[in-house]
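>>> What follows is a predicted protein model with its sequence.
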Amino acid sequence: MDPDRVSVVYDIRRKLRRGHSDDVFTQFVTLGGYSAFAALLMFALHLVMARLLGPEQYAAYGTFVAILFTVLFCLTSIHLIIIRFVSYHKSRFQYEQINYIITKALKWAFISGFVAFMLIIVFAQPISSFFHIEGVGATVMMGFVLWFTMLVPVFEGAFKGLEDFAALGRFRLIEASIRLVLATVLVVLGFSVGGALFGLALGTFVALAYCYRGIYQLQRLKTVQPNVAEIRRFAVPVVMTMVSIALLLNIDIILVKHFFPAAEAGVFAAASLIAKVPFLVSMVFVGVMFPKITQLHADGKNSVPVLKNALGVVVPIVAFFTLLSFFFSGIFFRVLFGPEYSIGPILGFYVFGMGCLAITVVLAIYLLAVRQDRIAFMLPLFFLALLALLTQFHDTLLQVMIVVMLVMTVVLAYAVFTARNVLEFDYFL
């Protein structure tokens with residue numbers, strides 16, 4: 001037996017065992033604690049940007065962030081694929097195969113990010129024109145942020161697959177902290193939307209550089225190619241699902257920036273930030289749930305209790321946040337964003353729609369983890385329906401929010417129908 005390999009594997013396993021727990025709730029608290037603090041910092045960044053930039057410039061900032069979030073969420077498919085196979089090989093102590101997966105994914109993400117950056121530079125003018133933005137500086141800077149953003153799902157997938165949730169939490173916290181400080185300083189210095197986006201890019205770069213040491217330890221091993229055909233078979237439904245959810249989540253804010261005046265688009269961008277809070281909470285549960293369910297399913301064990309625990313938290317949060325938005329959104333909105341931003345109880349419709357999507361994501365990810373991919377082939381149709389309806393019905397922000405709510409309700413109904421045998425409806429009675 002190779003003594004060098006024994007030494008490296010021993011170091012890796014010792015690191016992963018430190019503070020590790022098999023309890024899903026404990027894992028959620030670990031990741032959730034870091035993620036909650038990082039989310040508060042991200043939320044604070046949006047509030048600061050909304051106040052410093054004003055509705056018109058914040059509309060541009062919010063739109064670019066929505067595009068970045070859409071791309072990042074599409075790349076969650078890569079993230080889930082990495083989780084699925086890293087967790088599988090980790091349970092069998094096949095760290096060379098894990099090294100192969102992570103190394104290949106990092107190379108692909110870096111090159112793809114650079115190509116995307118170059119394409120955005122080439123098409124910066126028409127992109128800026130579509131969103132009614134003067135100049136191309138902010139658009140180019142958005143491409144720069146995108147380059148580093150492409151690497152994030154690889155790091156997150158590796159840490160989650162290895163169940164090193166503390167490392168993932170530190171990554172998120174470092175990224176959010178540096179983004180808040182740098183973006184705020186650059187905007188105060190007068191660099192506007194382009195400066196804010198440059199602050200986002202630097203925050204991600206520093207977090208990636210700091211947390212790379214957790215991956216470097218694996219890369220001391222040689223690489224062994226896993227079953228690539230199996231990875232490809234799993235990848236197709238995962239990519240379809242995550243790309244569809246990303247588009248369902250963000251197509252509204254992109255179209256509003258195109259169809260509405262800048263001030264109204266800025267108000268909608270702020271509303272979108274509030275409405276996505278339940279969705280972000282659900283993603284924390286998904287991050288913990290997916291590797292655990294994958295491992296249980298591979299071992300032939302019952303994974304339904306993990307799903308029920310996640311729904312038992314996400315559903316009440318969605319209900320509470322929806323009621324809060326209907327009754328207190330007007331005052332709450334002005335206090336957070338300032339007197340230039342005004343919206344009434346109509347926010348409740350939008351929050352309810354995003355809440356439906358949050359629950360749908362939990363169900364969809366569970367179904368993918370247990371290799372039931374029927375939902376993957378229907379979600380693109382729901383996105384096309386939402387796109388068609390928003391293209392036709394966008395006279396007011398209320399109309400946009402109601403369209404979103406109706407489509408998301410139908411999406412959730414289909415997800416529940418697809419998972420009906422798993423859910424055991426008496427659980428909800």
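Nice, thanks for sending it over.
>>> can you pull the contacts of residue 44?
Contacts for residue 44 (Cβ atoms under 8 Å, 6 or more residues apart in numbering) come out as residue 180. Where you see a C-beta, it was placed from the backbone N, CA and C, and this is true even at glycine.
>>> and the gap between it and residue 134?
Residue 44 sits at a distance of 28 Å from residue 134 (criterion: Cβ to Cβ, to the nearest Å).
>>> same thing with residue 395?
Between residue 395 and residue 134 the computed distance is 26 Å (Cβ to Cβ).
>>> and if you look at residue 414?
The spacing between residue 414 and residue 134, counted by Cβ to Cβ, is 42 Å.
>>> more neighbours, those two?
Higher neighbour count among residue 414 and residue 134: residue 414, with 18 against 9, using other Cβ atoms under 10 Å.
>>> What sits closest to the more buried one if chain neighbours are left out?
Once flanking residues are discounted, residue 414 sits nearest to residue 378: 6.2 Å by Cβ to Cβ, 6 or more residues apart in numbering.
>>> Determine the number of other residues adjacent to that neighbour.
15.
>>> where does it land on pLDDT?
We have a pLDDT of 87 for residue 378.
>>> Assess the claim that it and residue 417 are in contact.
No: taking Cβ atoms under 8 Å as the definition, residue 378 is not a contact partner of residue 417, at 10.2 Å.
>>> I'd like the next helix or strand past the biggest helix by length in the chain.
Longest helix in the chain by number of residues (criterion: DSSP state H): helix 24-74. Scanning forward in sequence from helix 24-74 by DSSP states H and E, the next helix or strand is helix 76-90.
>>> Dump that following helix to PDB, restricted to CA.
Taking C-alpha atoms only, helix 76-90 is exported to PDB below (Å, rounded to 0.1, in the frame of the first residue of the first chain):
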ATOM      1  CA  THR A  76     -26.400  24.600  -9.300                       C
ATOM      2  CA  SER A  77     -27.000  21.600 -11.600                       C
ATOM      3  CA  ILE A  78     -23.200  21.200 -11.800                       C
ATOM      4  CA  HIS A  79     -23.100  21.700  -8.000                       C
ATOM      5  CA  LEU A  80     -25.700  18.900  -7.500                       C
ATOM      6  CA  ILE A  81     -23.900  16.500  -9.800                       C
ATOM      7  CA  ILE A  82     -20.700  17.100  -7.900                       C
ATOM      8  CA  ILE A  83     -22.500  16.500  -4.600                       C
ATOM      9  CA  ARG A  84     -24.100  13.300  -5.900                       C
ATOM     10  CA  PHE A  85     -20.800  11.700  -7.000                       C
ATOM     11  CA  VAL A  86     -18.500  13.100  -4.400                       C
ATOM     12  CA  SER A  87     -20.800  11.900  -1.600                       C
ATOM     13  CA  TYR A  88     -21.000   8.500  -3.300                       C
ATOM     14  CA  HIS A  89     -17.200   8.100  -3.600                       C
ATOM     15  CA  LYS A  90     -16.600   9.500  -0.100                       C
END
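>>> List the contacts of that helix.
Helix 76-90 is contacted from outside by 95, 97-98, 101-102, 105, 109, 153-154, 156-158, 160-163, 226, 230-231, 234-235, 238-239, 241-243, 246, 290-291, 294-295, 298, 365, 368-369, using Cβ under 8 Å, 6+ apart.
>>> Then stretch 49-56?
The set of residues external to stretch 49-56 that reach it, using Cβ under 8 Å, 6+ apart, is 58, 61, 183-184, 187-188, 192-193, 196, 262-263, 265-267, 270, 337-338, 340-341.
>>> out of those, which are inside helices?
Here DSSP H is the test, and these give 58, 61, 183-184, 187-188, 192-193, 196, 262-263, 265-267, 270, 337 as lying in helices.
>>> Whichever of those end up buried, select them in ChimeraX.
Only the buried entries of the ones in helices among the contacts of stretch 49-56 go into this ChimeraX selection, using 16 or more other Cβ atoms under 10 Å:
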select :58,61,183,184,187,192,193,196,262,265,266,267,270,337
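>>> Closest to residue 203 out of the ones in helices among the contacts of stretch 49-56?
Within the set of the ones in helices among the contacts of stretch 49-56, residue 183 lies nearest residue 203; the separation is 7.6 Å, counting by Cβ to Cβ.
>>> Not counting sequence-adjacent ones, nearest residue to that closest one?
Distances taken as Cβ to Cβ, 6+ apart put residue 199 closest to residue 183, at 3.1 Å, once the chain neighbours are dropped.
>>> I'd guessed that neighbour sits against residue 188; true?
No: taking contacts as Cβ under 8 Å, residue 199 lies outside contact range of residue 188: 10.8 Å.
>>> Find the residue ranges of the stretch 101-250 of the chain scoring beneath the pLDDT cut-off.
With pLDDT under 70 as the threshold, the stretch 101-250 of the chain has low-confidence stretches at 214.
>>> where do the helices sit along it?
The residue ranges that make up the helices of the stretch 101-250 of the chain, judged by DSSP state H, counting those that start in this stretch, are 124-130, 137-149, 152-161, 165-188, 192-216, 228-259.
>>> how about CSV for the ones you listed, with distance to residue 306 added?
As requested, these are exported to CSV (distance: least, Cβ to Cβ, whole Å):
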stretch, distance to residue 306
helix 124-130, 41
helix 137-149, 29
helix 152-161, 14
helix 165-188, 15
helix 192-216, 25
helix 228-259, 18
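>>> Which of those has the highest mean neighbour count?
helix 152-161 (a mean of 25; mean count of other Cβ atoms under 10 Å).
>>> Tell me who's in contact with the spatially most central residue of the chain.
Centroid-nearest residue in the chain, with Cα atoms, centre = their mean: residue 73, separated by 4.6 Å. With contacts defined as Cβ under 8 Å, 6+ apart, the neighbours of residue 73 are 242, 245-246, 249-250.
>>> May I see the buried residues of stretch 101-114?
When burial is assessed from 16+ other Cβ under 10 Å, stretch 101-114 yields the following buried residues: 101-102, 105-106, 109, 112-113.
>>> what's that stretch in contact with?
The set of residues external to stretch 101-114 that reach it, using Cβ under 8 Å, 6+ apart, is 75, 78, 82, 85-86, 89, 146-151, 153-154, 157-158, 215, 218-219, 223, 226, 231.
>>> quick one: buried residues of stretch 400-420?
Applying a neighbour-count criterion of 16+ other Cβ under 10 Å, one finds 400-409, 411-412, 414-415, 418-419 buried in stretch 400-420.
>>> quick one: average pLDDT of it?
On average, the pLDDT along stretch 400-420 is 91.
>>> Brilliant, that's me finished.
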